[in-house]
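Engineer: Predicted model follows, preceded by the sequence.
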Amino acid sequence: MNENEFSWTLFNKVPLIGIVRNIDVGEMMQILPIYVEAGLTTIEITMNTPNAEDLIRDAVERYRSVLNVGAGTVSDIVVHFETLSLA
């Protein structure tokens with residue numbers, strides 16, 4: 001599997017998607033370890049969250065092996081393609 005691909009193996013462990021909206025980097029860094037510790041494996045960061053690109057990039061860098069990290073509320077095709085390049 002390519003390291004940037006969605007992992008069905010991770011998702012099938014706990015088939016839920018947590019959605020994160022309108023939080024800052026500090027809050028995200030507090031949430032992610034708890035999220036992983038709880039056994040959750042897939043999280044979506046909405047693109048209407050301030051600095052969403054940075055949050056996604058950081059989450060992927062830190063938690064790639066244990067979390068599927070995705071972008072949600074993508075309403076612009078340019079943003080969509082920019083987001084694809086983050087992971």
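Structural biologist: Right, received. Where do you want to start? Residues are numbered from 1 along each chain as shown.
Engineer: Now the spatially most central residue of the chain: which helix or strand?
Structural biologist: By Cα atoms, centre = their mean, the mean C-alpha position of the chain lies nearest to Val69, the distance being 2.6 Å. Using DSSP states H and E, Val69 maps to strand 68-72.
Engineer: Let's see that strand as CSV, backbone CA atoms only.
Structural biologist: C-alpha atoms of strand 68-72 as CSV (Å, rounded to 0.1, in the frame of the first residue of the first chain):
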residue,chain,number,x,y,z
ASN,A,68,-6.3,7.7,8.2
VAL,A,69,-6.3,11.5,7.9
GLY,A,70,-8.6,13.1,5.4
ALA,A,71,-10.0,16.4,4.3
GLY,A,72,-13.7,17.2,4.5
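Engineer: returning to what we had before: verify the stated contact: the residue nearest to the centre of the chain with Ile45.
Structural biologist: Yes - counting by Cβ atoms under 8 Å, Val69 touches Ile45, with 7.0 Å between them. C-beta: built from backbone N, CA, C; applies to glycine.
Engineer: Check the contact lists of the two and give me the overlap.
Structural biologist: Common contact partners of Val69 and Ile45 (Cβ atoms under 8 Å, 6 or more residues apart in numbering): Ile56, Ala59.
Engineer: circling back to that earlier point, counting contacts, what elements does the strand holding Val69 pack onto?
Structural biologist: strand 42-46, helix 52-63 (3 or more Cβ pairs under 8 Å, 6 or more residues apart in numbering; DSSP states H and E).
Engineer: Quick one: residues in contact with the shortest one.
Structural biologist: Read that as strand 42-46. Strand 42-46 is contacted by residues 10-11, 14, 16-22, 28, 32, 35, 52, 55-56, 59, 67-73 when judged by Cβ under 8 Å, 6+ apart.
Engineer: what angle do that strand and strand 68-72 make?
Structural biologist: Per axes from the mean of the first three to the mean of the last three Cα atoms, to 10 degrees, the angle that strand 42-46 makes with strand 68-72 is 30 degrees.
Engineer: ok, now the last one?
Structural biologist: Orientation check (the same axes, to 10 degrees): helix 52-63 against strand 68-72 gives 170 degrees.
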